[in-house]
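Asks: next input, structure requested:
(2 chains)
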Amino acid sequence: GAGVSQTPSNKVTEKGKYVELRCDPISGHTALYWYRQSLGQGPEFLIYFQGTGAADDSGLPNDRFFAVRPEGSVSTLKIQRTERGDSAVYLCASSLGGPRGNEQFFGPGTRLTVL
Amino acid sequence: AQSVSQHNHHVILSEAASLELGCNYSYGGTVNLFWYVQYPGQHLQLLLKYFSGDPLVKGIKGFEAEFIKSKFSFNLRKPSVQWSDTAEYFCAVNSRIKAAGNKLTFGGGTRVLVKP
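Replies: Presented below is the predicted three-dimensional model:
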């Protein structure tokens, strides 16, 4: 079946601009995660949705970052007033809920470059 | 807070050599452990996972990992590597506590280059 998809695959923007990154999880997966991977590092957790609600947003670096999942499927990560330090690959993952639902399936990521 | 440490940033070896990648984690509670792999140009894929039971876990493509609770380690091994094992390998951990929400904490990754 289809995996996790993310659009766009690449996004180049200028400092101060607003960007939206989209994630389509695997159908039926109730849990959705956003991670950020900077060059030479492992992915870092940003936010986790269970259904429509953000169950854990402790990884969002500041209030310029916001994410939504209004219908419990597609999610959008929104970054306001982008800064050069926001440049990274933004990864989305989804998983089934429940006690054995810990395996997360990752998308290809969106490479964000802030000039 | 959870943290994961991978000892080697880069590993270079020849085909048929044995591979062992170290992973140590820091966390006070019970955890699930994972190894993910990212082949060149591809997305992260699960290689193997440990939830409970036999601490020696077998994954895809001949990989295995051993959970040693007393050492907080989950090292990845493969007896004989192939050129196609060239990739970046990430160790990850999450908490068994339901309220923690399954978020993964990753190590910094190890880039493995297998020379033909």
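
Asks: spatially nearest residue to whichever residue of chain B sits closest to chain A (excluding sequence neighbours)?
Replies: Ranking the residues of chain B by distance to chain A (Cβ to the nearest Cβ) places B:Phe106 first, at 3.4 Å. All C-beta atoms are positioned from the backbone trio N, CA, C, and that covers glycine. Excluding its sequence neighbours, the residue lying closest to B:Phe106 (Cβ to Cβ, 6 or more residues apart in numbering or on different chains) is A:Gly42, at 3.4 Å.

Asks: also A:Leu39?
Replies: A:Ala88 (7.6 Å).

Asks: cool, A:Thr30 as well?
Replies: A:Gly97 (4.2 Å).

Asks: what about that neighbour, distance to A:Gln50?
Replies: For A:Gly97, the distance to A:Gln50 equals 7 Å [Cβ to Cβ, to the nearest Å].

Asks: which bits of chain A sit near chain B?
Replies: When proximity is defined by Cβ under 8 Å from any Cβ of the partner chain, chain A lies next to chain B at A:3, A:31, A:33, A:35, A:40-45, A:48, A:50, A:55-56, A:59, A:91, A:93, A:95, A:99-109.

Asks: sorry, back to before: A:Gly97 and A:Gln50: who's more crowded?
Replies: A:Gln50 (16 against 13; other Cβ atoms under 10 Å in any protein chain shown).

Asks: touching, the more buried one and A:Tyr33? I think so.
Replies: No: judged on Cβ atoms under 8 Å, A:Gln50 makes no contact with A:Tyr33 at a distance of 10.2 Å.

Asks: quick one, phi/psi of the residue in chain A that chain B sits nearest to?
Replies: Going by Cβ to the nearest Cβ, chain B is nearest to A:Gly42 of chain A, at 3.4 Å. Backbone geometry at A:Gly42, expressed as degrees, to the nearest 10, gives phi -80, psi 160.

Asks: tally of neighbours for A:Gly28?
Replies: 10.

Asks: contacts only, for the nearest residue to it once chain neighbours are set aside.
Replies: Excluding the flanking residues, the one nearest A:Gly28 by Cβ to Cβ, 6+ apart is A:Leu96, at 7.2 Å. Taking Cβ atoms under 8 Å, 6 or more residues apart in numbering or on different chains, we find A:Leu96 in contact with A:28-31, A:103.

Asks: do the same with A:Arg22
Replies: A:6-7, A:74-77.

Asks: and B:Lys61, backbone torsions?
Replies: phi 60, psi 30.

Asks: from memory the residue nearest to A:Leu39 sits against A:Thr110, does it?
Replies: No: look at A:Ala88 against A:Thr110 with Cβ under 8 Å: they stay out of range, at 9.4 Å.
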